[in-house]
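Student: the sequence isn't on hand, but the structure is:
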């Protein structure tokens, strides 16, 4: 072979060696993983549940191995609730979904991935924990933001994610709307309040976690509308002494549902594990973990067990005020809905 | 040969040079330094812990695997395209040249979404694949496809103009002297472009390792399964694990710096290949 030919082949040889080493590592790590009976399931969840499910997965894995001898790995995928539902529709192989609102699971049911009537299959509307929408304000509450009406005042800068993409933001929107309705003010006043609120929005992120980062770390806005659990997390993680939580007089009862994706578990043969995983959320241990992460548990004693107290809020539900999620989605958030008309005319 | 003397007054020159240096410092060096400062904020131990975390290790492995598939595929394609388009004229040649550039022009999110549309569960092809237990999107094959698409033009873009300017004289001489097709290709065509080929491979690798947009759409973001290193950085950042995010980001930055060094070295040699 010529000198030139040999010089040419050297990089090609190095590349081939690198590929071979890589494949060997890959194969070795793959073999080590599947020694005892083991199952892997995927939980597609929304943004703020990252910390909750890290604890839940560890506790469930341990409890399930002790009970059945099978070792389970629960993999997580997080993102905006609507985006996650979309991904499952497009083929993400999630065994269970734990999303921000029932409508996103309804979408899966409409396409045959989840059986109809899913919400009656587990207790409490298939929502093992609830939450509500609260305000996070700058320390000392310099703008005196105490209730929903204050958010529409001129000169207040509001941070909320986009209701089109974020489940949490849809709860924010309906909480504002509902607060006006429950105060006996009627539709026109509710529309006025929400229009004023969105006129004050400074940054419209796509997901709840993005909004929290905008408010806490980038320091934008006077008030952040957030899940109660997300507000507590933000307080603990990065904003101690810089932000504080304001609980409005009335707010929405946010019910983030959980469901087994029937089409996926039937194909993968993981139904037993997936159902046990969701039932674990209702167990005393699961409920205490929910409370620890500032989700309101369905079993009140779990809050005390986790050392948490939840301030009393007069809550209203989507079913009562808006006739359920499908109706609320159609009227407010679909293209050409109320949100579009308010936001275009702002 | 000395550079022509500028006729601008000294003060103007100093101001312009100062502005250029300030811009480079502000937009390039400060962010670069910030990555490493943040990555090592809690010491080398914390950095090591962050990059040896199982999810981080998996992300690195996946990223390398994807690059190890995408780069050779695109190198082979680039060579074929360079040879066909650089050495021959045929009807439709300009159309092919334009199509090769398509991934440069298309936004990465579109690049990702087309694969979801074509291979997603709701499409005909995706439904058939799902029926046979083959996962493409939200699994490793989808990530590879998206990366191949995005890095498609890098090697071809380097080779087509060079091979065209080199012409076919040497190949014709080799054929006249009795060399066959493969011998001509291996002994004449390939050695003539090897530095440009390596240069394209370096650019292609850098982009394959760093690609975020298209991969983000087709990945599904499952930790320890379909999170590549750039996606892992985003995941950690969203979990308030800022130091971990920057530790992972520092690995990506090192790859980029290595690519830049290799690029500087190769571009000197690549210049020699131009006739």
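Tutor: Good, I have the coordinates. Keep in mind that what you see is a predicted model, and the values were worked out from it rather than measured. Numbers count the residues shown, from 1 in each chain, chains lettered A, B, ... in the order given.

Student: how many other residues sit next to the nearest residue to residue A:200 once chain neighbours are set aside?
Tutor: In space, and not counting its chain neighbours, residue A:200 is closest to residue A:158: 4.5 Å by CB to CB, 6 or more residues apart in numbering or on different chains. All C-beta atoms are positioned from the backbone trio N, CA, C, and that covers glycine. Residues within reach of residue A:158, counting by other CB atoms under 10 Å in any protein chain shown, total 25.

Student: got the phi and psi for the closest residue to residue A:123 other than its chain neighbours?
Tutor: Leaving aside its sequence neighbours, residue A:123 sits nearest to residue A:282 (CB to CB, 6+ apart; 6.2 Å). Backbone torsions of residue A:282, given as degrees, to the nearest 10, read phi -90, psi -10.

Student: surely residue A:282 is in contact with residue A:298?
Tutor: Yes - using CB atoms under 8 Å, residue A:282 is in contact with residue A:298, at 7.1 Å.

Student: common neighbours of these two, please.
Tutor: Residues touching both residue A:282 and residue A:298 by CB atoms under 8 Å, 6 or more residues apart in numbering or on different chains: A:123, A:128.

Student: and stretch A:120-129, end to end?
Tutor: 15 Å (CA to CA, to the nearest Å).

Student: list the buried residues for it?
Tutor: For stretch A:120-129, the neighbour count (16 or more other CB atoms under 10 Å in any protein chain shown) marks A:122, A:126, A:127, A:128, A:129 as buried.

Student: and which of the residues you listed is nearest to chain B?
Tutor: residue A:129 (19.7 Å; CB to the nearest CB).

Student: lowest-scoring secondary structure element of chain A by mean pLDDT?
Tutor: When the helices and strands of chain A are compared on mean pLDDT, DSSP states H and E, helix A:3-33 comes out lowest with a mean of 50.

Student: still on that earlier bit, which residues touch the residue nearest to residue A:123?
Tutor: A:122, A:123, A:128, A:298.

Student: so residue B:30 is in which element?
Tutor: helix B:30-39 (DSSP states H and E).

Student: that helix and chain A in contact?
Tutor: No - Helix B:30-39 does not reach chain A (CB under 8 Å from any CB of the partner chain); its nearest approach is 12.7 Å.

Student: just the buried positions in the helix or strand following that helix, please.
Tutor: Downstream of helix B:30-39, the first helix or strand assigned by DSSP H and E is helix B:43-52. By 16+ other CB under 10 Å, the buried positions in helix B:43-52 come out as B:47, B:50, B:51.

Student: among the residues you listed, which one lies nearest to residue A:141?
Tutor: Residue A:141 has its nearest neighbour among these in residue B:50, at 36.5 Å by CB to CB.

Student: helices along the stretch 101-250 of chain B, start to end?
Tutor: B:102-105, B:108-119, B:124-131, B:140-150, B:153-166, B:169-176, B:181-184, B:190-210, B:213-219, B:229-238, B:242-273 (DSSP state H, counting those that start in this stretch).

Student: so can I have CSV of the contacts of residue A:282 showing pLDDT and secondary structure?
Tutor: What follows is the contacts of residue A:282, written out as CSV (pLDDT from 0 to 100; DSSP: H, G, I helix; E, B strand; the rest coil):
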residue, pLDDT, secondary structure
A:122, 96, coil
A:123, 95, helix
A:128, 97, coil
A:298, 94, coil
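
Student: quick one: contacts for residue A:95?
Tutor: Residue A:95 touches A:41, A:42, A:43, A:260, A:261, A:264, A:265, A:268, A:270, A:273, A:274, A:277, counting by CB under 8 Å, 6+ apart.

Student: show me which residues of the stretch 101-250 of chain A sit near chain B.
Tutor: Close to chain B, as judged by CB under 8 Å from any CB, the stretch 101-250 of chain A has residues A:111, A:209, A:210, A:213, A:233, A:237, A:238.

Student: contact partners for the third one?
Tutor: Residues touching residue A:210, when contacts are defined by CB under 8 Å, 6+ apart, comprise A:161, B:238.

Student: backbone dihedrals for it, please?
Tutor: phi -60, psi -40.

Student: per-residue confidence at it?
Tutor: In this model, residue A:210 is scored at 85, pLDDT.

Student: isn't the residue nearest to residue A:200 right up against residue A:225?
Tutor: Yes - assessed by CB under 8 Å, residue A:158 is found in contact with residue A:225 at 6.8 Å.

Student: which neighbours do the two share?
Tutor: With CB under 8 Å, 6+ apart, residue A:158 and residue A:225 have common neighbours residue A:151.

Student: just for chain B, where's the confidence low?
Tutor: B:1-6, B:274-275 (pLDDT under 70).

Student: longest helix anywhere in it?
Tutor: helix B:54-87 (DSSP state H).

Student: residues contacting the helix or strand following that helix, please?
Tutor: Using DSSP H and E, the helix or strand that follows helix B:54-87 in sequence is helix B:93-100. Helix B:93-100 is contacted from outside by B:81, B:85, B:152, B:153, B:156, B:157, B:160, using CB under 8 Å, 6+ apart.

Student: so helix B:93-100 versus helix B:54-87, what angle?
Tutor: Calculated by axes from the mean of the first three to the mean of the last three CA atoms, to 10 degrees, helix B:93-100 forms an angle of 170 degrees with helix B:54-87.

Student: tabulate the helices of the stretch 101-250 of chain B (a markdown table), appending mean neighbour count and distance to residue A:290.
Tutor: Formatted as a markdown table, the helices of the stretch 101-250 of chain B follow (neighbours: other CB atoms under 10 Å in any protein chain shown; distance: least, CB to CB, whole Å):
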| stretch | mean neighbour count | distance to residue A:290 |
| --- | --- | --- |
| helix B:102-105 | 12 | 45 |
| helix B:108-119 | 18 | 33 |
| helix B:124-131 | 14 | 34 |
| helix B:140-150 | 23 | 33 |
| helix B:153-166 | 21 | 49 |
| helix B:169-176 | 14 | 71 |
| helix B:181-184 | 12 | 67 |
| helix B:190-210 | 22 | 38 |
| helix B:213-219 | 24 | 28 |
| helix B:229-238 | 22 | 21 |
| helix B:242-273 | 17 | 25 |
